[in-house]
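Student: Next comes the sequence, and after it the predicted model I'd like to discuss.
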Amino acid sequence: MTRYTPDLFAADHADLTMIRRDIHRHPETAFEEQRTSQIVAEKLASWGIEVHRGLAKTGVVGTLKGKRPGQKTIGLRADMDALHLQEKNEFDHASVHANKMHACGHDGHTTMLLGAAKHLAASPDFAGTVHFIFQPAEEGEGGARVMIEEGLFDVFNCDAVYGMHNMPGLRKGNFAICAGPMLAASDSWQVTFKGTGGHGAMPHMGTDPTQPAAQFILAVQGIVGRNVPPTQPAVLSVGHIHAGTFGSPNVIPSEVLVRGTARSYTPEVRALLERRLGEVAAGIAQACACEAEYKYFKRYPPLINSVEQTTLAVEAAALTVGRDRVDPNTPRITGAEDFAFMLEKKPGAYIMIGNGGAEEGGCHYVHSPLYDFNDEILTTGAAYWVNLVQLELGDAA
C-alpha cells in the first residue's frame, strides 16, 4: 500500500490555501452556507464526483466509487459553518461580514476534505465507495442530526463514518484520538427562581428570589463534587444570570433567571445531572419561600469512538506523519461535537489534528476573535483522509 505523506500533496498546497482563505473571508453561519456549499459542489463536480445537494438545506454529499469492485462504503465528514463572532484579525483574508467569523476552523476542515476528494477522484485505486459529507450547522444547531433525519444514511449508506477537527495547542500536524468517549455530551439548563420581589429597604415585606439563586449557584458545584462518582468526569457551569433592572438597584426583582451548561460522558451521569439540578433548585427555592421553574435541554450526545475504527484512524495518522506524532490515548475533551449524532448511528472515529502549539509561536484557541486555521496543515489533513480510505477500502470486498 502506498503511504501518502503531506509532501505528496505539495503541488496542491497553494490552491488549497486559496480555497481555505476564500471561505474564511466569506463566512456563513448555520443553514446559510449557500456560497460555501456552491464552492464545494462545483469543485466536486469538476473532478468527476457525483454530487447531491439539499440535505439540511445546504448540505453537500459527493460520492466516488473506486475502480476496483467492492461493496463497502465509508463516509468522510467535514463541517462548513462559521460562528456569530466579530473577527479581530487584520490579515487580507479576514471576514468581510460583520459578526460572522470562521473561528473554529471549519473553513480548513472543508478544504482538507476537498483536497482528499480531488486526489482520490484522480486516482480511485480502491474497492468500494466513499461519501464525502459536507455538513452545515455544526455550531450549536445540530446539522448532523438534521442530515440524518432527512435521510443521510438512507440515501448514502455507510459502513463507517469518520470526522476530523483541528486543535490549537497540539503541535502542528500531530494527531490525537482515543477510543470510547472522547468528547462530552453538551446540554443546557435553566432555572427561574420566582418570588414576589419588593422594596430593597423592606425585604421582609416580600420574598426575595435572589437569595435562592445565589445559594443555587454555589450548590451546583456540590452536584459534581458529591453526587457524580469521582471516576466519572462531569462539568456544570453557570453562563447567564439575569434579574432586575440596572436603573433600580433598590428594587428586589420578582424573578431571577440562571442558565448554564452540563457536560458528561455516560447516559447515567447525564441523567443524574438532569435530575439533581432540578432537585437542588426546588429544595433551595422552597427553603426561601420561593418557587423554581426548571428546564433541561438535551443537545449533543457524547462523542464515542469505536475501537476498530479508532485503530484504523491511528494507523492512517501514523502513515501520514509517523507513529511518534500520533497520540492514541489522548485525554477526554469536555467540548462537544454534533458528529456524535453520526457516531450514534454508525461505527466510526473522530480525530484531532494539531493546529500549532506554544513551542511553535503560540496560537489562539478556537472561538477566539483572533483565531485562524493553520494553512500548513491542509496537506497533512488531506493526506490523512487518503491514507484512511486506502486502509478501509484498499482491499475491500
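Tutor: Alright, I've got the coordinates.

Student: Where do the helices of the protein begin and end?
Tutor: 13-25, 34-46, 106-122, 143-149, 152-155, 210-226, 267-287, 307-321, 339-345, 378-393 (DSSP state H).

Student: Kindly reformat those as TSV containing mean neighbour count and distance to Pro6.
Tutor: Where you see a C-beta, it was placed from the backbone N, CA and C, and this is true even at glycine. Below are the helices of the chain laid out as TSV (neighbours: other Cβ atoms under 10 Å; distance: least, Cβ to Cβ, whole Å):
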stretch	mean neighbour count	distance to Pro6
helix 13-25	19	9
helix 34-46	18	20
helix 106-122	25	10
helix 143-149	23	28
helix 152-155	16	30
helix 210-226	18	42
helix 267-287	18	39
helix 307-321	21	7
helix 339-345	22	24
helix 378-393	25	4
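
Student: Of all those helices, which one is nearest His131?
Tutor: Ranking those by distance to His131, with Cβ to Cβ as the measure, places helix 152-155 first at 8.9 Å.

Student: got the CA coordinates for that closest one in PDB?
Tutor: Output of helix 152-155 as PDB, limited to C-alpha atoms (Å, rounded to 0.1, in the frame of the first residue of the first chain):
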ATOM      1  CA  LEU A 152     -28.400  10.900   5.100                       C
ATOM      2  CA  PHE A 153     -27.700   7.200   5.800                       C
ATOM      3  CA  ASP A 154     -30.800   6.000   4.000                       C
ATOM      4  CA  VAL A 155     -29.600   7.600   0.700                       C
END
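
Student: closest one to Trp189 among the helices of the chain?
Tutor: Among the helices of the chain, helix 267-287 comes nearest to Trp189, with 5.6 Å by Cβ to Cβ.

Student: could you give me the average pLDDT of that closest one?
Tutor: Per-residue pLDDT over helix 267-287 has a mean of 97.

Student: ok, now stretch 367-383?
Tutor: What stretch 367-383 shows for mean pLDDT is 96.

Student: start to end distance for that stretch?
Tutor: End-to-end span of stretch 367-383 (Cα to Cα, to the nearest Å): 26 Å.

Student: Which residue ranges make up the domains of the protein?
Tutor: Here the chain is described, according to automatic domain parsing, as comprising the domains 6-182+302-393, 185-300.

Student: Residue ranges in this protein under the pLDDT threshold?
Tutor: Within the chain, the stretches with pLDDT under 70 are 1, 360-362, 395-397.

Student: Report the central residue of it.
Tutor: Glu337 (3.0 Å; Cα atoms, centre = their mean).

Student: Pro181 is in contact with that one, correct?
Tutor: No: at 11.9 Å, Glu337 and Pro181 do not qualify as touching, with contact defined as Cβ atoms under 8 Å.
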